[in-house]
Every structure is written in structure tokens, then in C-alpha cells.
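> What shape does this take:
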Amino acid sequence: MPTVTNEDLGNIDCSLEVLQAVLSGKSSRGGNGAIECFSHFNRKGRKLLLQALNQPLDWEVQFSVWAASLESDDPQLVQIAKTYPIPLRSVGDLRAKREAGERDFRWADLRKANLSGLDLGGADLRGASLSRARASQVNLGHVNLSGANLSQADLSGADLRGANLSKANLLGTNLMGANLEGADLTEANLRWVVISPETQMDPKWRLVWEIVNGHAQGKNLAKADLGGANLERVDLRGADLAQANLRGARLAGANLRGANLSQANLRQANLEGADLTRANLRGAELTLANLQGAVISCETQMDPKWRLVWEIVNGHAQGKNLAKTDLSGANLSWADLSGARLTGANLEGGDLRGINLSGADLKWARLAGANLSQANLGGANLIQANLNRAKLEGANLQGASLIQAHLVEAKLIGVKLAGARLIGANLTRASLVGADLRKANLIGAHLSEAKLGRPGLNLPDSRWEAISTETRTDGGWCLIALNASSHLRYLGQTDLSGADLRKANLSRADFSQVKLIGANLSRAHLRGTNLRQANLSRANLSQAKLGGANLTQAELSGAKLRQAYLSDADLSGANLRGADLELANLRRSILSPETQIEAKWQLVWEIVNGRTQDRNLSGVDLSGANLNWANLSEVELVGANLSRASLIGTELSGADLSRANLSGANLSWANLSYANLEGSSLDHAAVEGANLEGARLDFKWKWSWLSLWLKGLASIWFNHRDTLYLPPQLP
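As a prediction, this is how the structure comes out:
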């Protein structure tokens, strides 16, 4: 097992080795961000999370494991996390630490603690347990108590103004005389909370308290704002909640028999197990509402769309033809729609976590922005389906047909795509970290800027995506992208001709003998990549980073290598006939006698690598050459063509550039001291920072550059006495 550094952990995506290293004690801190992704990585990753819950680890790591499990899309992990005791940490003498200026008391164990009169204003007490604490007259103004346990605590007279009490447990808490003005009580449990006439509370939360504790019978709740309220198991039989705001409200197990909920906002509300017998829900907004286990009757008035959603999640829609139905925004999580006909159905923005759609017909279906994490889509027909921006982490798409499907910016982390048909699919900017692509068919697929893994971590043998010799890759990228030091499967003679690999990170990958004819690799990261005997004829490699790449015997005829970085690249025996190397960096690149390259670029290579000493370069064509920082002092360049050449920092002192064509050349910071530039063309040449001391210039350029200097656009030279210096030839 490799040692994992904090730096590695801070930059990790997902790796089993990271969690194993954390569990084995080789790294106890810093892995929090890494652990969060394991809940959807694969079975082994989830098994490690379960193992971690029962190990004596560093508190931060143990807590991260618990939090990741709780927020997982895996119901088994969530259930275990809910029953697992929340990891709390001892904080010692809270008063002393507070006086010392400490503010971070997240998940602190303050059960039965004496906090009376203590000033905790502005502290962070998220997830802390103050159960049965004595905290009368305590200052908790603007304190973050989100998710904290305050059950049966004595907070009489406490200052809780502006406090964040969202999802806090206030069961049986004494709030007599407390000030809760501006406090956030979203999803907080207010059951059996004790208040007094002196308790100051925003009207919304006082009303919630009244409802929860049975003091709102007969009250008109029409248009009431109850958004985000925790109303679990409350008795609201016959209540008038017409046009009420119940967005995000927790109504699980609530008794709403005969209630009037017409035109109420129940978006994202949890109605699991709620009794809606004879309730009126006409015109109610139920987008993403959870209707699993909810009880409705024939007399329940409900828009047809949401009644259908209720039927689906409760198993009453088997055999129904759902083609072209509108199920947008529906919460169908964990529903069974295996084999269902959903051709052209609208499921956009829906919560479809864990749904069973195996063998379903989803041709032309609209699933943009839907959450399909952990969904079973094995063997499903998704031809031309719209899955743009869909979340598919951990989903099963084995054997699915995704021909010409739209998956732009889709999250396919850890997805099983073995045997899937992705012919012509659009996977632009999609995330495929951990995807299983064995025997998948990606001919013609588009994966421009797709994320296939993060390089640069010292975790050998870590595999992100799987591929097999049966994987077909003709017009798009489906290769495995691994850590920089990982072992990439050999892809000899794989045909990736015409592939769109713009900006792809393929550093250190093994592409030896791969066909990349006409492929678009512009701006691709190919540092250290093995391209030995690869066919890159007519490929677009402009601005590609090829530093240290192995291009021995590679076919690069007609390739576009403009501005490519080829420093330290091995081009021994490569064929570069007809290749465009304008502004390409050839410094320290390796050529051999067998390398086929045009005379012009051979000369450029010789110049930048110091192999032209005492050579007469008069009249040579060096247009568009990258000669940055080359040594050309005292060289004869009479009448040479250097138009559009990059000569940044080039040493040209004493060089004879008379009648040379330097139009459009970049001479920034070049040393042209005492150079002969008489009769040379310098139209549109850049000379910022260039040293022209003693240079022989035509009168035209002297006045032109002096004018620029006077406008503050040319560089300022200083001599050894730090006084302003103008070139002696300039008037």
C-alpha cells in the first residue's frame, strides 16, 4: 500500500487506495474530500465505508465517513448511518477555549454541560450535542447550530437571535423567555418545546410550534408560510391549507385527511406515509415531492400528472403505457419501471435515484438534469435520449443502447457501461471517472473536454476506467484515463482516426501504434505520452503539450503542429514531411538521421539547439520559426526571411540583419545591440524590452520607435548608473 500524502488527499478524485490508506493509519487527516465520493464509487468502495464506520479512526476522518454515508445514494449506507451514533468530539474546557478566541466547536460533545451565562456568540456548533445542557441566559446569537441536538436542554432566557437552528433537534427544550428573532428553524423538531409569553419568535415558527404541539386546531392556515417546517406526524385533519407555502416541508406520516391543499406549494415536500384520504390537492405544486407510501382514496382530488406519479412510486402502474407522458420534476426515486414503455416521455429534472428502468424503452425520452444516481438502466433503450447534465453516478447502463444520445456535461462517475452502445453519443464535458467501458461501442462518440480522471497523484496501479480489447473506438474517446503514474492498458493498432480529443489530458498514456489519422488533439496534454509508431498524419496538434513525448517512428506527415510544445520530445525516425511547425518549440527535442523533416524546420531545430556556430544564414527562410532565446550573435542573416518569427529573448548582438524581412516578428527582450538592421523590414514587429544599443537602423524605424517610446509604449532602458538611456543612434 503506498503512503498517501496530505497533498495527494487534497487533490484526489476517487481512489480505493486513498480510503485504504486512511483506514490503515497511513494518513489520518486530509482525506475528507476524497471520502465523500466513495458512496457512489462501487461495491468495494461502499464496503470500505461500512468498515470505516466501526474503526477507531481520527475524528475528522470518521466523521467524514459517516457524513458521506448519510448523504449517499445507497439506501443501505444511509440506513446504517442513520442508526449509527453520530461521532462527537470532546472539546475540554469550553469556557477557557472560548475566552482564548476559539470558535470552532462543530460536533462537540456538550451533553449535560453547564453553559449558563456563557458568551458563544458567532461560534460554530454544527452537529454538536447539547442534550440536557444547562444553558440558561447563554448567548447563542448568530451561532450555527445546524443539525445540533438540543433535546431537553435548558435554554431559558437564552439569546438565539439570528441563530441557525436548521435541522436541529429541540425535542422538549426549555425556551421560556428565550429570544429567537431571526433564527432559522427550517426542518427543526419543535415537538414538546416549552415556550412562554416572553419567548420572542418569528410568527412563522410560532405557528409551526402551535401546529406541532396541537395548538392550531380550527385555525385558518390558507396562504400560511410553512416552507421548510418539520410537520412530521402532525394532525391536520380537515385543515384549510389552500395556497399555503409548504415547500420543502417534512410531512411524513402527517394526518391530512380531508385537508384543503388546493394550489398549495408542496415542491420538494416529504409526504411519505402521509394520509391524504379525501384531501383536495387540485392545482397543488408537487414537483420533487415524495409520495411514497402516501395514502389516497378515490375521493382525493389530484391533478392527473401527480396521481400517475403516486401510482408509479407505489407500484400501481405496472403495464401502463407511459409513452410521451409528462413526468417532469417527478420524484420517482427507487420506483420499479422495469420494461416500461417511456418512449418520448418527459422526465426532465426528476428525482430518479435508484429507479429500476432495466429493459425500459426510453427512446427520445427527455431526461435533462434528472438525478439518476444508482439507477438501474441495464439493457434500456436510450436511443437519442436527452441526458444532458443528468446525474448518473453509480448507475448501471450495462448493455444499454445510447446511440446518438445527448450526454453533454452528464455525471457518469462509476457508471457501468460494459457492452453499452454509445455510437455517435455526445459526451462533451461529461465526467466518466471510474466508468466501466469494457466491450462498449463508442464509434463516432464525441468526448471533447470530457473528464476521464485526474493525473498527477502518486498512487500506482489505480485504475479509473476499465476497457477491453473488444471496446470499439473509432470517432471518439473512450480510452481509460488514469493517474499520471498508472499503467494504461496497451491499445496497439486501435483506430481513433478522426477522434475529437481537444484539450484531453492523455499525459503518460500508451498510444504506441494507435491510429490517430486526422484526429483533433489541439491543446491536448500529451506530456510523456508514448506515441511510438503512432499514425498522426494530418492530425491537428496545434498548441498541444508534447514535452517529453515518445514520437519515435511516428507518422506525422501533414500534421498541424503550430505552437506545439515539443521540448524534450523524441522524434527519432519520425516522418514530419509536410508538417506545419510554425512557432513550434523544438528546443531539446531529439532528431535522428532517419527523421524525415523539411530542410527549413531541420535548420530551425539546429539553431535552437546550438548547432549552427559560424554558419552563414544569409537568405535563409526562417519565417514563422520559434527561435526564442537562441544564440545568433555575430551571425550573418543578410536578406533572411524572419517574418512572423518568434525571437523573444534571442541573442542577436552584432548580427548582420541587413535587408532581412522581420515584418510581424516578435523581438521582445531580444538583444540587438550593435546589430545591423539597415534596409530590413520591421513592419508590425514587436520590440518591447529589446536592447537596441548601438544598433544600425534606418531613419524610418528610429523615428517610429522613438515616437512609441515618447508615448510610454516602448521599453525604457537603464545603463549601469541607473540613469535613463536612449540608444545612441536615436535622436
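
> quick one: residue 415 and residue 437 touch, right?
No - using CB atoms under 8 Å, residue 415 makes no contact with residue 437, being 9.1 Å away. In short, each C-beta sits where N, CA and C put it, glycine included.

> Please say which of the two ends up with more neighbours.
The neighbour comparison of residue 415 against residue 437 (other CB atoms under 10 Å) goes to residue 415, with 31 against 26.

> Tell me who's in contact with that one.
By CB atoms under 8 Å, 6 or more residues apart in numbering, residue 415 lies in contact with 392-397, 432, 434-436.

> Tell me which two in those residues are the farthest apart.
396 and 432 (15.0 Å; CB to CB).

> Who has more neighbours out of the two?
For residue 396 versus residue 432, neighbours defined as other CB under 10 Å are more numerous around residue 432 (27 against 22).

> and residue 423, how many neighbours does it have?
Burial of residue 423 is recorded as 21 neighbouring residues (other CB under 10 Å).

> For the remainder of this discussion, apply numbering that starts at 19.
Got it, first residue is 19 now, which makes that one residue 441.

> Can you read off the pLDDT for it?
Residue 441 is assigned a predicted lDDT (pLDDT) of 89.

> and what of residue 607?
Looking at residue 607, its pLDDT reads 95.

> contacting residues around it?
584-589, 623, 627.

> Please list only the buried members of the residues you listed.
Among the contacts of residue 607, those classed as buried by neighbour count (16 or more other CB atoms under 10 Å) are 584-589, 623.

> At the geometric centre of the protein, which residue sits there?
Among the residues of the chain, the one closest to the centroid is residue 449, at 7.9 Å (CA atoms, centre = their mean).

> wait, doesn't that one sit right on residue 467?
No - taking contacts as CB under 8 Å, residue 449 lies outside contact range of residue 467: 10.5 Å.

> is the residue nearest to the centre of the chain in a bridge, and if so with what?
Counting by DSSP bridges, residue 449 is bridged to residue 429, residue 469.

> Please tell me how far it sits from residue 712.
As for residue 449, its distance to residue 712 is 59 Å (criterion: CB to CB, to the nearest Å).

> With residue 139 instead?
Distance, residue 139 to residue 712, using CB to CB: 71 Å.

> Just want to know which of those two has more residues nearby.
Ranked by neighbour count (other CB under 10 Å), residue 139 and residue 712 place residue 139 first, with 17 against 14.

> Spit out the contact partners of that one.
Contacts of residue 139 by CB under 8 Å, 6+ apart are 157-161, 177.

> mind listing the helices for the stretch 269-418 of the chain?
Assigned by DSSP state H, counting those that start in this stretch, the stretch 269-418 of the chain shows helices spanning 322-331.

> And the strands in it?
Per DSSP state E, counting those that start in this stretch, the stretch 269-418 of the chain carries strands over the ranges 298-299, 319-320.

> now the ones you listed in JSON lines, with mean neighbour count, mean pLDDT and distance to residue 292?
Listed next are these as JSON lines, based on neighbours: other CB atoms under 10 Å; pLDDT from 0 to 100; distance: least, CB to CB, whole Å:
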{"stretch": "strand 298-299", "mean neighbour count": "24", "mean pLDDT": "97", "distance to residue 292": "11"}
{"stretch": "strand 319-320", "mean neighbour count": "19", "mean pLDDT": "96", "distance to residue 292": "13"}
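
> Using JSON lines, lay out those strands together with distance to residue 134.
Putting these into JSON lines (distance: least, CB to CB, whole Å) gives the following:
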{"stretch": "strand 298-299", "distance to residue 134": "48"}
{"stretch": "strand 319-320", "distance to residue 134": "52"}
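
> Just tell me which of these ends up closest to residue 331.
Per CB to CB, nearest to residue 331 of the strands of the stretch 269-418 of the chain: strand 319-320, 13.4 Å.

> related to what we said a few turns ago, which one of the contacts of residue 433 is nearest residue 296?
Nearest member of the contacts of residue 433 to residue 296, counting by CB to CB, is residue 413, at 38.8 Å.

> what's the domain layout of this structure?
With automatic domain parsing as the criterion, the domains of the chain are listed as 24-101, 339-507, 616-749.

> If you average pLDDT over each of those domains, which is lowest?
Minimum mean pLDDT among the domains of the chain: domain 24-101, a mean of 55.

> need the contact list for the nearest residue to residue 123 once chain neighbours are set aside.
Of all residues not flanking residue 123 in the chain, residue 143 sits nearest, at 5.1 Å (CB to CB, 6 or more residues apart in numbering). By CB under 8 Å, 6+ apart, the contact list for residue 143 reads 123-124, 126, 158, 161-163, 166.

> My guess is residue 217 contacts residue 194. True?
Yes - in this structure, residue 217 is within contact of residue 194 by CB under 8 Å, at 6.3 Å.

> farthest pair in the contacts of residue 143?
Based on CB to CB, the longest span within those runs between 124 and 158 and measures 14.6 Å.

> Could you pull up phi and psi at the residue nearest to residue 123?
The phi/psi pair for residue 143 (degrees, to the nearest 10) reads phi -120, psi 30.

> related to what we said a few turns ago, between residue 124 and residue 158, who's got more neighbours?
Applying other CB under 10 Å to residue 124 and residue 158 shows that residue 158 carries more neighbours, namely 31 against 20.

> Enumerate every residue touching that one.
Neighbours of residue 158 in contact, by CB under 8 Å, 6+ apart: 138-139, 141, 143, 173, 176-178, 181.

> of all those, which comes closest to residue 651?
The closest of the contacts of residue 158, once distances to residue 651 are taken by CB to CB, is residue 141, at 67.4 Å.

> Residue 115 is in contact with the closest one, correct?
No - using CB under 8 Å, residue 141 is not in contact with residue 115, being 9.9 Å away.

> Settle it for me: which of these two has more neighbours?
Counted by other CB under 10 Å, residue 141 and residue 115 do not tie: residue 141 has more neighbours, with 25 against 16.

> residues contacting the more buried one?
116, 121-123, 158, 161-162.

> same question, residue 642
Shown in contact with residue 642 (CB under 8 Å, 6+ apart): 600-601, 661-663.

> ok, residue 645 touching residue 662?
No - the pair residue 645 / residue 662 is not scored as a contact, 11.4 Å apart, by CB under 8 Å.

> between the two, who's got more neighbours?
More crowded of residue 645 and residue 662, by other CB under 10 Å: residue 645, with 25 against 19.
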